[in-house]
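Undergrad: everything below, folded, please.
(one chain, ligands or ions: 1)
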Amino acid sequence: MTTHSSNSSIYCDYLNPSNGKPCNHFKLYKSNFCHKKTHHPDPILYKGTIQSVRNHFQSISSPIPSIEHIQFYNPPMNGACLYSCFVKYLMNHISVYENAENPFHDLIHCYISNLGTDADFSLEQFNTNVYRMQILLKDYICEHRDDYIIDGITWSFLIEECHQMSIRDYDMYYNISASEENRINKRPIPSRWGSMAELLAFSKIFGIPIRIYKTIRINAKYQIVECFPHFDDMRLQFVQDVHVAIDQDSENQKSPTIEINEWSSDRTIHLIHVQNHYSLVYGHIV
Ligand SMILES: [Zn+2]
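TA: A predicted model of the protein is given here:
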């Protein structure tokens, strides 16, 4: 079969018969045409194409677990969303960590014991805890800057990769809350956020595996798109697991590896990462 150049394009092959102009909508999955039925040469094929979009969507995603049992925590979009998710998670699982045997027990205990009590728990207190989380992870990473995480990658290297700054600059700039303005005394400073480095550091210190998803849906143009987790028809697409086993080398350390295939595991953090924004899935998942 001969093809013309537009076949490799991401745009619909339909040409407007009156002026010969190409359609500027995206092709549907495994089709040469867009969502407009009239642009497809064959209505039967159109139906099949729509079905294959739906099938593909199903095959790359899993349903949201019984929605009445879970909640989504959507932090403000201020750069501190990942730190906020960590704090929210800990608030819901304090009992797990209060007496946990863990090489970082002192660090965890110090953090947890200053979370605040119900009585004084306010937005201000929460924001303080978010900032304390940022500092806890930053300090850990900087103190272990030359340690290898995995495969010859040091924390220092990972910071450069994730934040495009040296570990020394990270140590300095990440003293400033990610939610604060990106300027000091009118001088601009780099924006701050939680990246793969902080995900790994949190997972390592607290001994928690982290599973990351995207929420996706089929939009009105039959494209499979990322969406913020507010839609009834959304599904979860697995992105990756993040987990660093705690000091495997040292004796007496049991690997904290937990079976993380189970949604019902209380000891896995489930995060949604869409458009550079993290949300937390929490509650009892069945
Ligand atoms: Zn079209």
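Undergrad: the stretch 51-200 of the chain: strands as residue ranges?
TA: Assignment of strands within the stretch 51-200 of the chain using DSSP state E, counting those that start in this stretch yields the ranges 70-73, 148-150, 153-154, 183-184, 187-188.
Undergrad: for stretch 56-73, which residues meet the burial criterion?
TA: Within stretch 56-73, the residues that qualify as buried are 57, 61, 64-65, 70, 72-73, counting by 16 or more other CB atoms under 10 Å. For glycine as for every other residue, the C-beta is placed from the backbone atoms N, C-alpha and C.
Undergrad: make JSON lines from those residues and add distance to the ion and pLDDT to it.
TA: Shown next, in JSON lines, are the buried residues of stretch 56-73 (distance: CB to the ion, whole Å; pLDDT from 0 to 100):
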{"residue": "Phe57", "distance to the ion": "20", "pLDDT": "96"}
{"residue": "Ser61", "distance to the ion": "25", "pLDDT": "89"}
{"residue": "Ile64", "distance to the ion": "31", "pLDDT": "80"}
{"residue": "Pro65", "distance to the ion": "37", "pLDDT": "72"}
{"residue": "Ile70", "distance to the ion": "38", "pLDDT": "74"}
{"residue": "Phe72", "distance to the ion": "35", "pLDDT": "86"}
{"residue": "Tyr73", "distance to the ion": "39", "pLDDT": "90"}
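Undergrad: make CSV out of the strands of the stretch 51-200 of the chain and add distance to Ser166.
TA: Compiled in CSV, these are given as follows (distance: least, CB to CB, whole Å):
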stretch, distance to Ser166
strand 70-73, 33
strand 148-150, 17
strand 153-154, 12
strand 183-184, 18
strand 187-188, 18
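Undergrad: which ones are touching Leu45?
TA: When contacts are counted by CB atoms under 8 Å, 6 or more residues apart in numbering, Leu45 touches Ser31.
Undergrad: please settle this for me: is it part of a strand?
TA: No. Leu45 sits outside any strand when classified using DSSP: H, G, I helix; E, B strand; the rest coil, being helix.
Undergrad: can you give me the distance of Met165 to the ion?
TA: According to CB to the ion, to the nearest Å, Met165 and the ion sit 44 Å apart.
Undergrad: I meant to write Ser31 there.
TA: 10 Å.
Undergrad: Gln275 now?
TA: When Gln275 is compared with the ion (using CB to the ion), they lie 26 Å apart.
Undergrad: what about the stretch 51-200 of the chain, any weak spots by pLDDT?
TA: Low-confidence regions of the stretch 51-200 of the chain, defined by pLDDT under 70, span residues 66-69, 98-100, 117-120.
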